[in-house]
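**Student:** Predicted structure and sequence below. I'll ask about it afterward.
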Amino acid sequence: MATIRIIHEDRTLSAPDEIRAFLQPFGIAYDCWPVAGRVDQDASAEEILQAYDPEVKALMARGGYITADVVEVTPQVPNLQAMLNRFNQEHRHAEDEIRFVVKGRGIFYIHPGELAGPLFCIEVGEGDLINVPAGTKHWFDLCADRTIRAIRLFREKAGWTPEYTGDDLASRYEPLCFGPRYLPGAERPRLQPLVKL
Ligand SMILES: [Fe+2]
């Protein structure tokens, strides 16, 4: 189940309807699909894709995605930190970043920009589907267990290469899901308060 934290307003959202409503103005889609009783979290990638075939095909038809795969990250992955470092700095992509989490957890920090709203983060776990639209500034990190298995969808894999913004914002936040907070001595970024709609 996902949790949104609007860090500089000390607000936390955890009800799916609240999460959907909060994310909608940012163009971020959120949904929940059951995992328990549907597929074994440790099933093969093929079995996982097969289990969610109707939902994945529907997403593909709606969003124009052409491929789907299952990404798996565990603490045993060689050079894990180097891999995480590709995505834990602020970046954007030329195509959507879609993840359906089957196992484990991860955290997306979203930086809508000063005119659009405050920095916030979304912690996703088992059963959460999220779509971070192309062009959205964000970064991603794993949680303390450093484990995630997720279905990904792509229009073309080359489009998912990170384009770094060069902003060091990510370095000012706790990198794991221990509760986002400022690192000791970090300079507070200037961010606009939430735009009330
Ligand atoms: Fe990304």
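**Tutor:** Thanks, I have the structure now.
**Student:** how about the helices in this protein?
**Tutor:** 16-23, 45-51, 53-63, 80-85 (DSSP state H).
**Student:** how close does Lys57 get to Gly166?
**Tutor:** Distance, Lys57 to Gly166, using C-beta to C-beta, to the nearest Å: 38 Å. C-beta here means a position set from N, CA and C on the backbone, and glycine is covered the same way.
**Student:** the more surrounded of those two?
**Tutor:** Neighbour count, other C-beta atoms under 10 Å: between Lys57 and Gly166, Lys57 has more, with 12 against 7.
**Student:** thinking again about what came up before, make a markdown table out of the helices of the chain and add mean pLDDT.
**Tutor:** As requested, these are arranged in a markdown table below (pLDDT from 0 to 100):
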| stretch | mean pLDDT |
| --- | --- |
| helix 16-23 | 95 |
| helix 45-51 | 97 |
| helix 53-63 | 95 |
| helix 80-85 | 90 |
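**Student:** mind checking which of those helices is nearest Glu95?
**Tutor:** helix 53-63 (9.5 Å; C-beta to C-beta).
**Student:** Distance-wise, check Asp10 relative to Pro162.
**Tutor:** Counting by C-beta to C-beta, the gap from Asp10 to Pro162 is 30 Å.
**Student:** ah, wrong one, I meant His8
**Tutor:** 25 Å.
**Student:** Below-threshold pLDDT in the protein: ranges please.
**Tutor:** Low-confidence segments of the chain (pLDDT under 70): 159, 175-197.
**Student:** Could you rerun that using 50?
**Tutor:** Judged by pLDDT under 50, the chain has its weakly predicted residues at 179-184, 188, 190-197.
**Student:** tell me the centre residue of the protein?
**Tutor:** Residue closest to the average C-alpha location in the chain (C-alpha atoms, centre = their mean): Phe108, at 4.0 Å.
**Student:** Enumerate the beta-bridge partners assigned to the residue nearest to that residue when sequence neighbours are not counted.
**Tutor:** Distances taken as C-beta to C-beta, 6 or more residues apart in numbering put Ile122 closest to Phe108, at 4.8 Å, once the chain neighbours are dropped. As for beta bridges, Ile122 partners with Ile4, Phe108 under DSSP bridges.
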